[in-house]
Structure formats: structure tokens, C-alpha cells
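Peer 1: Based on what follows, work out the 3D shape:
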Amino acid sequence: MRIGLILNPGFQSVCFGAVAAFDVANKQAGEKLYDVRVLSEEGGLVASSLGMQVMTHGFDDAPYDTLIVAVGLEIPTSSPGLIRLLRAAARDARRVAAICLGSFVLGDAGLLNGRRATTHWRYAQALQDRFPSCHVDMDKLFISDGPIWTSAGMTAGTDLVVGMIERDHGSDVARSVAKGMVMYHRRSGGQSQHSTLLDLSVNEDRIQRVLDYARQNLSETLAIDDLAEVACLSPRQFTRLFRSETGTTPAKAVEALRVEAAKLMLEQSRLPIEVIAREAGFANRERMRLAFGRVHGEVPRAIRNEAGPLATL
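Peer 2: Alright, predicted model coming up:
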């Protein structure tokens, strides 16, 4: 399968980490499953955002199975030549993809009309405003909608490529590629771009200690008295300090941590939902269902189904 990585001037060099997954797939398979070519509109040297020069092939009439657009850290300007190439590719190639803000280029080519897509959460609203006929989901790592694939942040491009490899050659090959790249774990496209602990980032050491303790002991009760003891404060002092530091209550923060942990298990395992509920500290699946409704507006079963084949055994 011929893969074309299209570099926009000022591209982020981390995009090569994503397409390296194709190279690892070749090595793991012991044969050339993918032929990756680096392209640009004019060919020749193209500079990355760091000033690194990369030699590229110019656009030609060669057939490509998949084209992937890589851009920089700002909303890109789409050249007429690139737009023409992508529109032609949409007719001839099996897949057209974009890493991070490359989604704007696909939108300029009209490829996001009537489709679901994602991009970096910081620019998701701008993408939605610019292309109102596209349904932008800012809380997904990557989305595959028919032949159009889009990823969130730069590192999510690697998850997107591993997802393509799984689509092409099955979960065993994709798992082997992820292991070969020493990925911490394979992340499904449905996984959130956000981390609850990052959202609750605090300056007070006692509150940070409580958050770390809660995350490591989600299956425990985690009552206010228990958490206050970890912080070495009275329950009343603890509750007041926690709210001033995080802007939320201890109960809501613990619920968010439990939902995040359960969501990851739903996406990355085939554990029964009842088991996941207990492991995350919900006691039973009904309590977990209600918590998911409050946090995500979806039930756990829908999130598992959305994760699709990337929910691993």
C-alpha cells in the first residue's frame, strides 16, 4: 500500500513519529506492507517548524492508497495545488487523513462536509465555525468517518496510524506495532483528549496528595473523612481548601476520576461492565451509568461500542 505523507511548510516533525508505525509494521511482518513517500506541492526541501530540511517528492499522478496531511502549530494556509490534489485523492485514494490542524486543510478541500472530524481541542471550535456542515468532536483522539481520518494533537497521529494498521491487517499486527514502538498503551479513537488530573491541576501540595491518593485507590470508599485524613486536615478545612484550589467539590472530583478510569477500561479492555464499575469504585453498574450520564451524556455501553475494535482483550 502506497502511503503519501504531505508536508506543509513549517510542519511539525513529530508527524514522522506517526508514519514510523508503518515502518514498524513492515519490520514486524517481515515484508513491505507499506511504501511511505514524503510529498510536497513543489517537491525538494521543505523546512519544519524547527528549521529541519526534509527532501520531498512533488505531487504526481502516482496512485496512493492513503494520503496524510501534516502541518504546523498554527491553522494552516491551504494552497490551490494542495486542494486540487486532495479533491482528486478523495475520488481515487482509499483514505485521506490529517494529523492535528491538518483537519483545516481537509475542510478547505471540502472533504469534511457532512462528516465527523476532530482536531486539537484548542482549535476545535474554530474548525466547527469555519466548516459548519462538519460535526466536530473535540473530545476524541482520532475519528474515522468513511475514507476521511482525522486526529487530535500531534501524538494522536500515531494512534490514528496504528488504527489504520489494525483496519488493514487486524488487531494482532496493530498490537505488535504498538508494542514495538513502546507505546504505553494503544489508545482508541474514542478516548478523551483530556486528563482529569490535568484539569484539576493544583498548587497546594496537600490537595495534590489527596488527588494522587484518590486516583490510586478508586475502588475504596474515598469518603470526605478519609480524604481529609490524607490531607492532615479536618473535614471542614479540607472541603473548603479543596474547593478553593480546584473549583469543585471532593465528591465531584472523585467521580470525575472514577469516570475517567472506567472509560479507559471500557475502551481498552473487554472486562464486563459490572467488573469495571467495581474496579472504578462505583459499586454497581447503575451508579456508573448515572455518573457517565452526568459527565459525558452517554451510557458506558455506548462508549464501549464507539471504541470499536481498538478495545483490546
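
Peer 1: So what does the residue nearest to Phe282 when sequence neighbours are not counted have for phi and psi?
Peer 2: Closest residue to Phe282 apart from its sequence neighbours, by Cβ to Cβ, 6 or more residues apart in numbering: Met288 at 3.9 Å. C-beta coordinates here come from the backbone N, C-alpha and C atoms, glycine included. The phi/psi pair for Met288 (degrees, to the nearest 10) reads phi -70, psi -40.

Peer 1: in this structure, what secondary structure element scores lowest on mean pLDDT?
Peer 2: helix 196-199 (a mean of 62; mean pLDDT, DSSP states H and E).

Peer 1: rewinding a little: give me the number of residues near the residue nearest to Phe282?
Peer 2: Close neighbours of Met288, defined as other Cβ atoms under 10 Å, add up to 24.

Peer 1: how near is it to Gly281?
Peer 2: 9 Å (Cβ to Cβ, to the nearest Å).

Peer 1: any idea which element His45 lies in?
Peer 2: You called it His, but residue 45 is Leu. strand 44-47 (DSSP states H and E).

Peer 1: All the helices of the protein, in order from the start?
Peer 2: 15-29, 80-92, 103-108, 124-130, 156-169, 171-180, 196-199, 205-216, 224-231, 235-246, 250-268, 273-279, 285-295, 300-307 (DSSP state H).

Peer 1: quick one on the thing from earlier: so who does the residue nearest to Phe282 touch?
Peer 2: Shown in contact with Met288 (Cβ atoms under 8 Å, 6 or more residues apart in numbering): Arg258, Val259, Ala262, Ile273, Ile276, Ala277, Ala280, Phe282, Pro300.

Peer 1: what sits against the closest residue to the first one other than its chain neighbours?
Peer 2: Excluding its sequence neighbours, the residue lying closest to Arg258 (Cβ to Cβ, 6+ apart) is Ala280, at 4.5 Å. The neighbourhood of Ala280, defined by Cβ under 8 Å, 6+ apart, consists of Leu218, Ser219, Arg258, Val259, Ala261, Ala262, Met265, Met288.
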